[in-house]
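K.L.:
compute the structure for the input listed below.
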Amino acid sequence: MNSTRAKKASADSAKKTAAKTTAVEAPPKRRPGRPKGSVSRTKAAKAAPLPSLPSWARVRIAIEGIEPTVDAGRYAVKAIEGDVVHVGADIWKDGHDKLKAAVLFRKLRPEDWTVAEGLSAPALDQGWNESRLTTSPDWNDRWRGSFSVGGVGPYAFTILAWTDAFGTWRDEFVKKLDAGQDVTSERLEGLRLIEQTALACKGIDRQALFDALAALKEAANDPVELRRVATDVDLDELMDRNDLRADARLYPKAFPLWSDRERAAFGAWYELFPRSQGSHPTKSGTLRDVAQRLPKLAAMGFDVVYLPPIHPIGETARKGRNNTETAEPGDVGSPWAIGHATGGHTEIHPDLGTLGDFDEMVRAASACGLEIALDFAIQCSPDHPWVKAHPKWFNQRPDGSIKYAENPPKKYQDIYPINFDTEDREGLYAALRDVLLFWIGHGVRIFRVDNPHTKAIGFWEWVIAEIHRVHPDVLFLAEAFTRPKRMGLLAKVGFTQSYSYFTWRNERGEIEDYARELFLSPLRNYLRPNFFANTPDILHAYLQKGGRAAFITRLLLAATLGSTYGIYSGFELCENTPVREGSEEYLDSEKYEIRKRDYEAAGNLNSLIARVNEIRHAHRALWRTDNLILLGSTNSNVIAFAKTPTRASEGCVVTVLNLDPHHAQESTIHLPESLYGGGDADYLVTDLLSNQTYRWHGPNNYVRLDPNGTFAHILLIQR
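P.N.:
Presented below is the predicted three-dimensional model:
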């Protein structure tokens with residue numbers, strides 16, 4: 001019998017013996033009080049070996065409370081290229097071991113940008129960059145650090161932590177050494193740790209570690225030399241650089257971050273209707289007329305010129321002047337009633353010119369340092385070609401008619417909204433995406449999106465991601481005057497900027513509360529407000545009643561409290577006549593007719609606007625909002641706030657405004673010591689509006705602001 005057959009026979013014999021034994025074995029004796037049929041714990045444990053431990057059961061290093069994140073990583077944190085992103089996390093380990101930690105970050109490929117499904121668990125072999133985190137006993141296990149964002153596009157970051165084996169050994173070794181205790185065993189532990197590290201590395205570090213190992217061996221009986229070797233800075237750096245990180249824990253999730261170009265965070269916008277830019281009071285202006293005006297807008301310091309829809313306007317149910325339901329002959333209609341027999345969203349209204357004229361206007365804007373922002377309104381007039389070609393893209397009533405837009409009691413008979421529940425969702429989404437791609441192909445890199453909160457949120461997440469895969473520099477402004485959570489979610493799914501409630505915040509308390517919400521809370525991680533002082537739809541009562549001083553106050557507040565702001569044509573002329581008392585609509589609204597203006601008329605704010613924009617461009621503290629400090633004021637009609645410098649070579653900018661457009665106001669302004677140097681020091685402040693210099697003293701200083709004189713201060717603090 002060969003060995004294989006012998007082994008098989010032996011195994012069969014063992015099985016038979018086991019079966020017989022089991023058949024005649026007596027049941028175990030029960031101890032008093034034990035339920036019948038129970039098995040002893042000892043035997044049960046032997047009969048059922050422990051299963052393999054899951055990975056989370058082995059964790060000894062805790063990582064939690066990671067910031068900044070948006071909804072635990074469901075959405076991306078927003079940053080600007082060149083930003084330093086500040087990161088925090090709670091990190092600790094059981095026992096007394098010392099820890100080290102780092103933030104890992106890397107730029108993603110466009111095809112990896114799948115935030116909607118969540119980023120995949122990170123792996124250390126994916127080309128991460130590393131930036132160390134630090135902690136302090138006063139931070140209660142909080143670790144902090146930062147990393148820099150390079151170019152535009154998607155990034156990911158996560159947290160890595162590990163035991164500082166050498167630091168832990170050195171700390172205990174030195175304490176015992178200083179206490180005069182025997183450190184023979186500890187010295188051997190240190191020798192082993194250094195040797196293991198040396199064997200795992202190469203080059204000059206390997207030799208340097210072996211040299212340190214020899215020095216530690218030679219100093220066996222010399223406490224002074226032992227301490228010197230153990231605490232040597234070079235050895236510490238060597239061990240850190242070659243740390244084995246044997247128990248490193250990588251947080252099991254990567255967090256998304258989207259980096260935009262600078263214009264996403266800073267810019268001055270000017271809104272105009274191209275058809276009102278001509279010289280004839282009733283004849284439509286053209287895109288060529290817009291191009292001719294661009295140099296003047298650039299000279300005033302604007303960065304973006306925003307155009308309402310420039311597409312053909314429908315004839316059916318066209319609105320008349322002041323939004324009347326019946327149009328008279330010659331009425332031009334609303335540009336938001338998009339579509340005509342001549343074309344839809346990729347066509348230009350024939351009165352405005354041709355696509356070639358548009359391209360020339362974009363080139364003219366670029367030559368002036370301006371960008372053109374185009375309106376993207378997802379709605380159609382009854383005459384839009386899509387209505388006949390794709391009737392399922394619209395809401396059909398039971399009688400077969402298409403439902404027009406309503407916001408009861410308001411009716412918009414000239415507009416058909418899109419049905420985002422259409423069976424042809426793929427076709428609709430693709431067509432809307434292609435509209436954006438068409439205009440991107442003609443040089444547009446900024447879109448102001450009309451009423452995005454009335455469209456499918458999933459569409460926006462999809463289409464913005466689709467555009468950003470190919471054109472990460474494209475910006476989207478959400479014109480969503482809606483409830484806060486809706487505005488917030490639109491920002492989360494990808495909108496670069498958002499309109500805000502700024503227009504309706506006019507008293508000091510509500511302005512400060514809103515600033516805290518926008519700029520000093522987690523909302524700042526994803527929502528960037530664009531402070532438009534007025535729009536074609538919004539003429540606030542503050543402007544209606546406050547006269548020229550009110551326009552100045554709102555301009556300065558928008559331009560210095562926010563980093564991105566805008567005005568609509570006519571603001572510089574202080575146009576403030578409503579269609580009726582109690583309404584925020586303009587009389588003779590440009591939405592329904594051509595308006596010819598004399599932009600150099602007496603009382604215009606052109607020079608002031610130019611100066612404010614010049615100040616903004618010259619002082620980078622005004623380019624941001626996360627550097628805001630709200631200052632104390634003894635008068636509720638006076639608001640004061642500071643923007644701290646973003647670079648050591650820059651100064652702090654303090655804005656002081658009188659919110660009362662009718663009366664002079666006096667107040668004492670309180671500055672924290674960090675802004676001027678502290679104590680009772682004297683320092684100079686220069687008013688950037690008037691170029692006057694004042695000597696201030698200590699934290700509290702007096703101001704007097706008069707709507708008819710010195711109406712405001714934008715102060716540069718010089719220590």
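K.L.:
now do the strands in the stretch 1-150 of the chain.
P.N.:
In chain order, the stretch 1-150 of the chain shows strands spanning 61-67, 77-80, 84-93, 99-107, 129-135, 142-148, with DSSP state E, counting those that start in this stretch as the criterion.
K.L.:
cool, and the stretch 601-719 of the chain?
P.N.:
Along the stretch 601-719 of the chain, counting by DSSP E, counting those that start in this stretch, strands occupy 628-630, 632-633, 638-643, 652-658, 665-670, 682-687, 693-697, 700-705, 712-718.
K.L.:
picking that back up, any chance of the strands of the stretch 1-150 of the chain in a markdown table, plus distance to Ala389, mean pLDDT and mean neighbour count?
P.N.:
C-beta: built from backbone N, CA, C; applies to glycine. Shown next, in a markdown table, are those (distance: least, Cβ to Cβ, whole Å; pLDDT from 0 to 100; neighbours: other Cβ atoms under 10 Å):
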| stretch | distance to Ala389 | mean pLDDT | mean neighbour count |
| --- | --- | --- | --- |
| strand 61-67 | 49 | 97 | 16 |
| strand 77-80 | 38 | 98 | 22 |
| strand 84-93 | 47 | 98 | 19 |
| strand 99-107 | 41 | 96 | 21 |
| strand 129-135 | 50 | 97 | 15 |
| strand 142-148 | 49 | 98 | 18 |
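K.L.:
mind checking the ones you listed for the one nearest to Ala515?
P.N.:
Proximity to Ala515 (Cβ to Cβ) singles out strand 77-80 among the strands of the stretch 1-150 of the chain, at 18.2 Å.
K.L.:
what about the closest one, distance to the chain center?
P.N.:
Computed by Cα atoms, centre = their mean, to the nearest Å, the chain-centroid distance of strand 77-80 equals 4 Å.
K.L.:
which elements pack onto that strand?
P.N.:
Taking 3 or more Cβ pairs under 8 Å, 6 or more residues apart in numbering; DSSP states H and E as contact, the helices and strands that strand 77-80 lies on are strand 255-260.
K.L.:
what about the closest residue to Phe495 other than its chain neighbours, which SS state?
P.N.:
With Cβ to Cβ, 6 or more residues apart in numbering as the measure, Ala478 is the residue that lies nearest to Phe495, at 4.1 Å, once sequence neighbours are left out. At Ala478 the chain is in strand, as set by DSSP: H, G, I helix; E, B strand; the rest coil.
K.L.:
my read: Ala478 touches Ser500, true?
P.N.:
No. With contact defined as Cβ atoms under 8 Å, Ala478 does not count as touching Ser500 (10.0 Å).
K.L.:
more neighbours: which of those two?
P.N.:
Set side by side, Ala478 and Ser500 show more neighbours around Ala478, with 28 against 23, by other Cβ atoms under 10 Å.
K.L.:
from Lys410, how far out is the more buried one?
P.N.:
Plainly put, Ala478 is 21 Å away from Lys410 if you go by Cβ to Cβ, to the nearest Å.
K.L.:
just checking, Phe302 touches Leu370?
P.N.:
Yes. Contact criterion Cβ under 8 Å: Phe302 and Leu370 qualify, at 6.7 Å.
K.L.:
pick out whichever of these two has more residues nearby.
P.N.:
Residue environment comparison for Phe302 versus Leu370 gives the larger neighbour count to Phe302, 24 against 19, counting by other Cβ under 10 Å.
K.L.:
burial of the closest residue to Asp331 other than its chain neighbours, as a residue count?
P.N.:
The shortest distance from Asp331 to any non-neighbouring residue, by Cβ to Cβ, 6+ apart, is to Gly320 (4.8 Å). For Gly320, the tally of surrounding residues (other Cβ under 10 Å) stands at 17.
K.L.:
check the one 3 residues further on too.
P.N.:
For Asn323, the number of neighbouring residues by other Cβ under 10 Å comes to 15.
K.L.:
now for it: which residues touch it?
P.N.:
The neighbours of Asn323, taking Cβ atoms under 8 Å, 6 or more residues apart in numbering as the test, are Glu585, Ser589, Lys591, Tyr592.
K.L.:
wait, a strand at the second one?
P.N.:
No. Assessed with three-state DSSP, Ser589 is coil; it does not lie in a strand.
K.L.:
wait, isn't it in contact with Pro536?
P.N.:
Yes. Counting by Cβ under 8 Å, Ser589 sits close enough to Pro536 to count as a contact (6.5 Å).
K.L.:
which residues are in contact with both of those two?
P.N.:
Common neighbours of Ser589 and Pro536 are not found (criterion: Cβ under 8 Å, 6+ apart).
K.L.:
what helix or strand is Arg597 on?
P.N.:
Secondary structure here is read from DSSP states H and E; on that basis Arg597 sits in neither a helix nor a strand.
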